[in-house]
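Q: give me a model of this one.
(one chain, ligands or ions: 1)
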Amino acid sequence: MFKLKGNLSKYRKRSAAAFLIVLSLLAAGCGSAANDEHAQHAAPRETEAAANEHSGHSANDTAGNEESAENHSGHGGQADSEDMSQANVKLEWRYSPESPKPGEKTKIELFLNDAAGKPIEKYDVNHEKLMHLIVVSEDMTEFSHIHPEYAGKGKFEVEASFVKSGAYKLFADFIPTGYSQMTVTSSLKVSGAKQAAEPLKKDASLMKAVDGVAASLEVSSFKAGEETDLTFTFSDAKTKKPITDLQPYLGAIGHVVILNEELSRYLHVHPKEGNESGPTAEFSTSFPEPGLYKIWGQFQRGDKTFIVPFTVEVE
Ligand SMILES: [Cu+2]
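A: Sure thing, here's the model as predicted:
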């Protein structure tokens, strides 16, 4: 798995090649419905960013800026100016070393500037953190959810290491104060021979045992574009008794991240209200298009988080 180090004192000023992504703002989410909306609207733009990144890993990627009406849907905090609600945000990712070896400690930095090139200084707390960063290997076998620290002057940083060689993709979501919620992506090559990867396969059964917990997933619809409910149910893997001692993790009973096989559609879904401690946790979302999707549910019990992955096929 992925290791995160809290101590950032060993910062070296050596900067790696940077990806510069001009972002468009995404709709902010206030509840599960709004999050769904966020997810749906996020997807097309991300696809563009992803397409750019995949076309040869050039240093500068510029995603199209399709300003959207949803950005103005009254989430407050935009009092300042139109500038902020429709501004492009300039994001720069730096990796040191630039192409780490498997297991090597890597410093990840993100610099956020506004359209005028000034650092964006303030961020809203969202699910107890200022930034959520999802790191996934291209073959989707490695998944990690970490939280970069804000270092001031528009900079976030975190130290991490990557288990295998080959490409990784990173998804950061955050809310600069006064802006809407955003999701931005980057990719990273971990050096070494590319390991043979099993192609992603749909799970024959949506049932898994992780850390003594038997988790099952029920998906109400496998049709693209349809509203669908994801219901996780937990029981003790040994005794089969329902589990009712889940703990809130980052302010919710669980967090679900969904990615399509091409890593171009990213959905970060938060639960519906209720079921605060199990045995079920309900989420609602919509798969944007047909294809294979990997779903990672992240939950906490006994002060430890655990991740349950499933792969489903959407028609
Ligand atoms: Cu997070």
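Q: quick check, central residue of this protein?
A: residue 134 (4.0 Å; Cα atoms, centre = their mean).
Q: may I see the buried residues of the host helix or strand of it?
A: Assigned by DSSP states H and E, residue 134 belongs to strand 131-137. Buried positions in strand 131-137, judged by neighbour count with 16 or more other Cβ atoms under 10 Å: 131-137. To be clear about C-beta, it is placed using only N, CA and C from the backbone, and glycine gets the same treatment.
Q: rewinding a little: correct me, but the residue nearest to the centre of the chain touches residue 257?
A: Yes: here residue 134 reaches residue 257: they are 5.5 Å apart, a contact under Cβ atoms under 8 Å.
Q: quickly list the domain ranges of the chain.
A: Structural domains annotated on the chain: 3-190, 207-314, as defined by automatic domain parsing.
Q: can I get those in JSON lines including mean pLDDT?
A: Below are the domains of the chain laid out as JSON lines (pLDDT from 0 to 100):
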{"stretch": "domain 3-190", "mean pLDDT": "67"}
{"stretch": "domain 207-314", "mean pLDDT": "93"}
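Q: wait, which of those domains is closest to residue 198?
A: Each of these has some distance to residue 198 by Cβ to Cβ; the shortest is domain 3-190, at 7.1 Å.
Q: any idea how many residues pack against the residue nearest to residue 290 when sequence neighbours are not counted?
A: Using Cβ to Cβ, 6 or more residues apart in numbering and skipping the chain neighbours, the partner closest in space to residue 290 is residue 224 (4.9 Å). The number of residues packed near residue 224 is 15, by other Cβ atoms under 10 Å.
Q: if I look at residue 224, how far off is residue 315?
A: Between residue 224 and residue 315 the distance is 7 Å, computed by Cβ to Cβ, to the nearest Å.
Q: between the two, what contacts are shared?
A: residue 290 (Cβ atoms under 8 Å, 6 or more residues apart in numbering).
Q: what segments of the stretch 51-200 of the chain are strands?
A: 89-96, 106-113, 131-137, 143-146, 149-152, 155-161, 166-174, 182-190 (DSSP state E, counting those that start in this stretch).
Q: closest to residue 263 out of those?
A: From these, taking Cβ to Cβ, the stretch that ends up closest is strand 166-174, at 4.9 Å.
Q: sheet-wise, list the partners of that closest one with their directions.
A: Using DSSP bridges, the strands paired with strand 166-174 are strand 131-137 (antiparallel), strand 182-190 (antiparallel).
Q: how about those, which one is nearest residue 95?
A: Of the strands paired with strand 166-174, nearest to residue 95 by Cβ to Cβ is strand 182-190, at 5.7 Å.
Q: gap between the closest one and the chain center?
A: Chain-centre distance of strand 182-190: 10 Å, with Cα atoms, centre = their mean, to the nearest Å.
Q: and the next helix or strand past that strand?
A: Counting by DSSP H and E, what follows strand 182-190 is strand 207-210.
Q: I figured residue 283 hits residue 256, correct?
A: Yes: taking Cβ under 8 Å as the definition, residue 283 is a contact partner of residue 256 at 5.0 Å.
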